[in-house]
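1. Just a sequence and a predicted model for now, questions to come.
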Protein chains: 2
Amino acid sequence: MRGVVLHAPGDVRVEEREDPRIVEPTDAVIRLSAACVCGSDLWPYRGIDKVEGPSPMGHEYVGVVEEVGADVRTVRPGQFVVGSFFASDNTCEICRAGYQSSCVHRVGMGGLGSQAEFLRVPLADGTLVATPEIPPDDLVPGLLTASDVLGTGWFAAVAAHAGPGKTVAVVGDGAVGLLGVLSARQLGAERIIAMSRHEPRQKLALEYGATDIVTERGDEGVARIRDLTDGLGAHSAIEAVGTQESMMQAIRATRPGGHVGYVGVTHDVELPGMELFFSHVHLHGGPAPVRRFLPELIDLVLRREIDPGRVFDLDLPLDRAAEAYRAMDERRSIKALLRP
Amino acid sequence: MRGVVLHAPGDVRVEEREDPRIVEPTDAVIRLSAACVCGSDLWPYRGIDKVEGPSPMGHEYVGVVEEVGADVRTVRPGQFVVGSFFASDNTCEICRAGYQSSCVHRVGMGGLGSQAEFLRVPLADGTLVATPEIPPDDLVPGLLTASDVLGTGWFAAVAAHAGPGKTVAVVGDGAVGLLGVLSARQLGAERIIAMSRHEPRQKLALEYGATDIVTERGDEGVARIRDLTDGLGAHSAIEAVGTQESMMQAIRATRPGGHVGYVGVTHDVELPGMELFFSHVHLHGGPAPVRRFLPELIDLVLRREIDPGRVFDLDLPLDRAAEAYRAMDERRSIKALLRP
């Protein structure tokens, strides 16, 4: 089959890979309907995460089940499925507490590579959620977002305790930040302050429910948030970047007793203990347990109550994956869809 | 009046200080029934926090109201009162959310110095809670703990989501850690693992409700907690030290999705972002909003349902404050009571 392989920083190729097959009786193999490029794929693409030899890429996926292992009970060939970027058994104590991305048997889907024609999904019963029927084509991008980027924005909003009466600051205007705005709105937040200096992203943020735009960053951005909140800071902040600056911006923009939900994969971040102590914020985040939210998110997309697929502003055939990476790296594209 | 003054690291003196008087119409002046030495007083005593000239010491207090300012409504002369180590208006939005120690008008009591005969308490209406009558002498130490050390242990247990069905690890066997054990028990925790290698403290931890004692520290301590929790880690951890080692021990001892309540005043702590991200814990702490809990804690002490005053294993007249500091510094005493 054809699949995306990263050979070195900046060197993305679409090439022949071995067809995936059932290895464990709990596996499924799916034929991908769509895949996409994640902000976190840019870390190795930019050489910030080390690239150890040729690596299959991609961990977001929707598709149709081709084949299942002997022990798979909840999905069957022919069904359209959405899965999380971490495979999970969904039965262990950690999964039952809602943290499937820290499942004791978790498998990162990145190593399997969903930017391809087919994908092996371990622990299929615990990982995949089937839609009631094959969805219309125009909903495929939205369903694909549930696999990671929407699930991640949603988790951030939940971790930030976004809800009625709350003012939520969103740090980061990538696809996760934008879907954090959508999630905060959906969860009932009263006021949503998107921090963005890119006009097309500001526009989408406003359409997704942002009530205010702050273009300043760092200390100035924090000062603007305080101006907008009687000097107290936001009740909630969503952090969707993962740098030292963005983390400190989120913490400092939040009032004492408020909640910071952080989902940007942290790189070279060191949180100063004394400042965190006196900030009095609640801090929670990490790899989003997307599986917890999948049934609800799939339902919202199928009922057309939300339209998260609009974050895809580039739609390319899989063979042009290198263009997709380049456009996202240069911030010309918010998020790129790949069609196998 | 007589009061404790720190002149330089290790140099604690009891000397004549000016009598406090009403400065603002919202002030009260109280005659102290008892004061005590806090673990945090040892930071400047040890020279870890800088000592800028002679400093009055102490921020924990119970006493009888001597005089109130013209605007004070809720306490009156002759009443026995317990107050928080941060004065707060208890009416601002931050206070109403339960974070009185970050009140927009907060005043740290440390600068006023409660290790003395009298104390000025700013924002008396928002800071002090009166008991229904003058309490019996034997309950004074317990009521004094509510002012900080019990309130802090309680906040840590609340922040750690200690409760029914939970396993709680307690890092730190000082008075706060021990009262964290008591708090976790009171909040209904099923299993409480006290990390301590000091026999008298282990004994008190067990009497306060600890079910297990772990003597190992650092990575070995974490491994022991995992052994005791099916390899998953505790649901909750209380951090009551404030060092890099103790913070990491608390985070690593907690399972994904669990809660770390940290109340040790952090010194030279830098939390590694990537490890925190993948730990999946909730992190919350800071200076305890004792005022939130005072009514409940006072009530528990007066009804003799808890006996937090047992953390005082040294009871000295105020004039012997230097001995009290020395004993705590050398870990010969858990906590020292001072009688003016």
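-> Thanks, I have the structure now.
2. Next up, the contacts around residue A:315.
-> Going by CB atoms under 8 Å, 6 or more residues apart in numbering or on different chains, residue A:315 touches A:141, A:336, A:337, A:339. Placement of C-beta: from N, CA and C, glycine included.
3. With residue A:317 instead?
-> A:338, A:339.
4. now do 7 Å
-> Listed by CB atoms under 7 Å, 6 or more residues apart in numbering or on different chains, the contact partners of residue A:317 are residue A:339.
5. go on, residue A:241?
-> So residue A:241 contacts A:171, A:172, A:264 (CB under 7 Å, 6+ apart).
6. For residue A:184, see how far away the nearest residue to residue A:242 once chain neighbours are set aside is.
-> Once flanking residues are discounted, residue A:242 sits nearest to residue A:264: 2.8 Å by CB to CB, 6 or more residues apart in numbering or on different chains. Look at residue A:264 and residue A:184: by CB to CB, to the nearest Å, they are 16 Å apart.
7. likewise residue A:244?
-> Taken as CB to CB, the span from residue A:244 to residue A:184 is 24 Å.
8. repeat for residue A:158
-> 10 Å.
9. the more surrounded of those two?
-> More crowded of residue A:158 and residue A:184, by other CB atoms under 10 Å in any protein chain shown: residue A:184, with 34 against 22.
10. what about that one, distance to residue A:170?
-> Following CB to CB, the distance that separates residue A:184 from residue A:170 is 7 Å.
11. Any buried residues in stretch A:329-340, and which?
-> Within stretch A:329-340, the residues that qualify as buried are A:329, A:333, A:334, A:335, A:336, A:337, A:338, A:340, counting by 16 or more other CB atoms under 10 Å in any protein chain shown.
12. Actually, stretch A:318-329.
-> Neighbour-count burial for stretch A:318-329 [16+ other CB under 10 Å]: A:318, A:321, A:324, A:325, A:326, A:327, A:328, A:329.
13. would you list every one of the helices in the stretch 51-200 of chain A?
-> Along the stretch 51-200 of chain A, the segments classed as helices by DSSP state H, counting those that start in this stretch run A:93-96, A:124-127, A:140-146, A:149-159, A:175-186, A:199-207.
14. The ones you listed: which one's closest to chain B?
-> Of all those, it is helix A:93-96 that lies closest to chain B, at 5.3 Å by CB to the nearest CB.
15. Pull the residues that contact that closest one.
-> A:88, A:89, A:102, A:103, A:104, A:126, B:232, B:255, B:256, B:257.
16. and the gap between residue A:317 and residue A:39?
-> Counting by CB to CB, the gap from residue A:317 to residue A:39 is 21 Å.
17. show me what contacts the nearest residue to residue A:272 once chain neighbours are set aside?
-> Distances taken as CB to CB, 6+ apart place residue B:270 nearest to residue A:272, at 6.3 Å, with adjacent residues excluded. Residue B:270 makes contact with A:270, A:271, A:272, A:273, according to CB under 7 Å, 6+ apart.
18. Show me which residues of the stretch 201-340 of chain A are close to chain B?
-> A:232, A:247, A:255-257, A:265-266, A:269-274, A:277-280, A:282-287 (CB under 7 Å from any CB of the partner chain).
19. Could you tell me which of the residues you listed count as buried?
-> A:232, A:247, A:255-257, A:265-266, A:269, A:271-273, A:277, A:279-280, A:282-287.
20. Just those: which are in helices?
-> Taking DSSP state H, the ones among these that sit in helices are A:247, A:273, A:277, A:279.
21. wait, doesn't the first one sit right on residue A:269?
-> Yes. With contacts counted by CB atoms under 7 Å, residue A:247 reaches residue A:269, the gap being 5.3 Å.
22. joint contacts of the two?
-> residue B:273.
23. Next, show the common contact partners of residue A:184 and residue A:170.
-> Common neighbours of residue A:184 and residue A:170 (CB under 7 Å, 6+ apart) are A:192, A:238.
24. Spatially nearest residue to the residue of the stretch 101-250 of chain A found nearest chain B, not counting backbone neighbours?
-> Nearest residue of the stretch 101-250 of chain A to chain B: residue A:102, at 3.3 Å (CB to the nearest CB). Distances taken as CB to CB, 6+ apart put residue B:256 closest to residue A:102, at 3.3 Å, once the chain neighbours are dropped.
25. Residue B:233 versus the one you found, what's the distance?
-> Counting by CB to CB, the gap from residue B:256 to residue B:233 is 8 Å.
26. which residue sits closest to the spatially most central residue of chain A, ignoring its sequence neighbours?
-> The residue lying closest to the centre of chain A (CA atoms, centre = their mean) is residue A:149, at 2.2 Å. Closest residue to residue A:149 apart from its sequence neighbours, by CB to CB, 6+ apart: residue A:175 at 4.8 Å.
27. confidence score at that neighbour?
-> pLDDT for residue A:175: 96.
28. In contact with it, which residues?
-> By CB under 7 Å, 6+ apart, the neighbours of residue A:175 are A:39, A:149, A:311, A:334, A:335.
29. Centroid-wise, who is the farthest residue in chain A?
-> residue A:230 (32.0 Å).
30. so how far is the first residue of stretch A:185-200 from its last?
-> 19 Å (CA to CA, to the nearest Å).
31. And stretch A:312-330, by the same measure?
-> Termini of stretch A:312-330 sit 15 Å apart (CA to CA).
32. OK, contacts around residue A:290?
-> Each residue near residue A:290 by CB under 7 Å, 6+ apart is listed here: A:84, A:85, A:101, A:147, A:148, A:151, A:152.
33. Contact partners for the last one?
-> Read that as residue A:152. Neighbours of residue A:152 in contact, by CB under 7 Å, 6+ apart: A:176, A:263, A:288, A:290.
34. Tell me the one of the residues you listed nearest chain B?
-> For those, the nearest to chain B is residue A:263 (8.6 Å; CB to the nearest CB).
35. Pull the most distant pair out of the contacts of residue A:290.
-> Maximum pairwise distance among the contacts of residue A:290 (CB to CB): 12.2 Å, between A:101 and A:147.
36. tally of neighbours for the residue nearest to residue A:127 when sequence neighbours are not counted?
-> Spatially, and ignoring its direct neighbours in sequence, residue A:127 is nearest to residue A:87 (4.4 Å; CB to CB, 6+ apart). Other residues within reach of residue A:87, judged by other CB under 10 Å, total 28.
37. Quick check: pLDDT value at residue A:87.
-> Residue A:87 is given a pLDDT of 98.
38. now it, which residues is it bridged with?
-> residue A:107 (DSSP bridges).
39. what's it in contact with, if anything?
-> Residue A:87 touches A:106, A:107, A:109, A:121, A:122, A:123, A:127, counting by CB under 7 Å, 6+ apart.
40. Am I right that the fourth one is in contact with residue A:113?
-> If I follow you right, that is residue A:121. No. Using CB under 7 Å, residue A:121 is not in contact with residue A:113; the gap is 11.7 Å.
41. Pick out whichever of the two has more residues nearby.
-> Using other CB under 10 Å, the more surrounded residue of residue A:121 and residue A:113 is residue A:121, with 28 against 23.
42. residues in contact with the nearest residue to that one once chain neighbours are set aside?
-> Leaving aside its chain neighbours, residue A:121 sits nearest to residue A:28 (4.8 Å; criterion: CB to CB, 6+ apart). Counting by CB under 7 Å, 6+ apart, residue A:28 touches A:65, A:67, A:68, A:69, A:72, A:75, A:121, A:124, A:128.
43. So residue A:28 versus chain B, what's the distance?
-> Distance of residue A:28 to chain B, computed by CB to the nearest CB, to the nearest Å: 25 Å.
44. next one: phi and psi at that residue?
-> The phi/psi pair for residue A:28 (degrees, to the nearest 10) reads phi -130, psi 150.
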